[in-house]
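*Asks:* Can you look at this prediction? I've put the sequence above it.
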Amino acid sequence: MRIDLHTHSDRSDGTDPPRLLMRRAREAGLDVLGLTDHDTTAGWAEAAEAAAEEGVTLVRGLEISCELEGHGVHLTAYLPDPTYEPLVEELQRVLDGRNARLPATLERLRDLGIDIEEEDVRRLAGDAAAMGRPHVADALVKKGVVSHRGEAFNTLLGSNGPAYVPRYAAPLEAMLHTVRDAGGVSVIAHPWAKRHNFGALDEARFAALKEEGLHGIEVDHQDHDEPTRERLRAIARNLGLVATGSSDYHGAGKRDHDLGCNTTAPEEYERLLALAEAAADASGRKTPEVLVP
Ligand SMILES: [Zn+2]
Ligand SMILES: [Zn+2]
């Protein structure tokens, strides 16, 4: 069984509409796909329709932009009730923050002599729930300023770049509680990706976060080299956290993140689903089911 639990559609910063994403999942030989757009569940309905047609099991989730001590941390949440009001409100706050950042980012670029109009970004963002840095990066590629998204982040838009503008992110511990209360499960995505440059997520911190409701760690991810994966796997094992693996696929929006390039072991997946069932029961919320075709 091939399981890829972390992917993006064009409802955030991927380039495939959810329906096409499900088709590509089948073509890539995946049995289970997790759809985890940034801070939005806008792709769930279309993906759910396509899941049955394509014969791929769909786990509905999202990747929430959080912060811990001022550092960005991405939290993948699976199977929460998407109508749970505190969750809805916090996601809106994050999306509003991202939209509000755009004019400020374009202003910084202008100061650097790079002229991008908001309209250029809007066109490239298409159906996305919010216009984010990846869409600005696309506009920079289109203008020939950089050759691909990664370069735009490395040279301009990343947290050390000259066009970086901070924005709102959800406090991590509070979000763990919110996801739990919404009946979902939480996995920290790519915790040791170098670009996050944050050393405080060590074993003791993971243990503390588990107390707050964390269920898993994304271990196998392209941003983790082999020694990093082994260390994270050991931490997950020591703490009894689920270890996941995934592609973080973004379509044409991210290189070297092909569907299924990392996968989650079936036994880890089963543990995660069991935890989700327990969380749903404890919350009393009506949570989305795993869609098995
Ligand atoms: Zn991420
Ligand atoms: Zn992601």
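*Replies:* Perfect, I can see it now. Ligands and ions are numbered 1, 2, ... in the order given.

*Asks:* Residues of this structure that sit close to ligand 1?
*Replies:* Residues of the chain lying near ligand 1 by Cβ under 5 Å from the ion: His74, Ala189. Heads up, the C-betas are built off the backbone N, CA and C, glycines and all.

*Asks:* show me where the chain has helices.
*Replies:* 18-27, 44-54, 85-111, 118-125, 133-142, 149-152, 172-181, 203-211, 226-239, 266-283 (DSSP state H).

*Asks:* Same list (the ones you listed) but as a markdown table, adding distance to Thr76 and mean neighbour count.
*Replies:* A markdown table is the format used below for the helices of the chain (distance: least, Cβ to Cβ, whole Å; neighbours: other Cβ atoms under 10 Å):
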| stretch | distance to Thr76 | mean neighbour count |
| --- | --- | --- |
| helix 18-27 | 16 | 21 |
| helix 44-54 | 14 | 18 |
| helix 85-111 | 14 | 17 |
| helix 118-125 | 22 | 16 |
| helix 133-142 | 17 | 23 |
| helix 149-152 | 20 | 19 |
| helix 172-181 | 10 | 21 |
| helix 203-211 | 14 | 15 |
| helix 226-239 | 14 | 15 |
| helix 266-283 | 10 | 17 |
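
*Asks:* Mind putting those into CSV with mean pLDDT?
*Replies:* Shown next, in CSV, are the helices of the chain (pLDDT from 0 to 100):
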stretch, mean pLDDT
helix 18-27, 98
helix 44-54, 97
helix 85-111, 95
helix 118-125, 92
helix 133-142, 95
helix 149-152, 94
helix 172-181, 98
helix 203-211, 97
helix 226-239, 97
helix 266-283, 98
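
*Asks:* Include distance to Leu291 when you put those helices into JSON lines, please.
*Replies:* Shown next, in JSON lines, are these (distance: least, Cβ to Cβ, whole Å):
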{"stretch": "helix 18-27", "distance to Leu291": "10"}
{"stretch": "helix 44-54", "distance to Leu291": "5"}
{"stretch": "helix 85-111", "distance to Leu291": "20"}
{"stretch": "helix 118-125", "distance to Leu291": "27"}
{"stretch": "helix 133-142", "distance to Leu291": "27"}
{"stretch": "helix 149-152", "distance to Leu291": "30"}
{"stretch": "helix 172-181", "distance to Leu291": "20"}
{"stretch": "helix 203-211", "distance to Leu291": "28"}
{"stretch": "helix 226-239", "distance to Leu291": "26"}
{"stretch": "helix 266-283", "distance to Leu291": "12"}
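
*Asks:* For His71, find the nearest of these.
*Replies:* Closest of the helices of the chain to His71 is helix 172-181, at 9.3 Å (criterion: Cβ to Cβ).

*Asks:* I'd say Ile64 and His74 touch.
*Replies:* Yes. Counting by Cβ atoms under 8 Å, Ile64 touches His74, with 7.2 Å between them.

*Asks:* Same drill for these two, tell me which one is more crowded.
*Replies:* Ile64 (28 against 22; other Cβ atoms under 10 Å).

*Asks:* Which residue, neighbours along the chain excluded, lies closest to that one?
*Replies:* In this structure, Ile64 finds its nearest non-sequential neighbour in Leu75, 4.7 Å apart by Cβ to Cβ, 6 or more residues apart in numbering.

*Asks:* And Val290, by the same measure?
*Replies:* Val59 (5.5 Å).

*Asks:* Am I right that that neighbour is in contact with Leu30?
*Replies:* No. Judged on Cβ under 8 Å, Val59 makes no contact with Leu30 at a distance of 11.3 Å.

*Asks:* Between the two, which has more neighbouring residues?
*Replies:* Ranked by neighbour count (other Cβ under 10 Å), Val59 and Leu30 place Val59 first, with 26 against 23.
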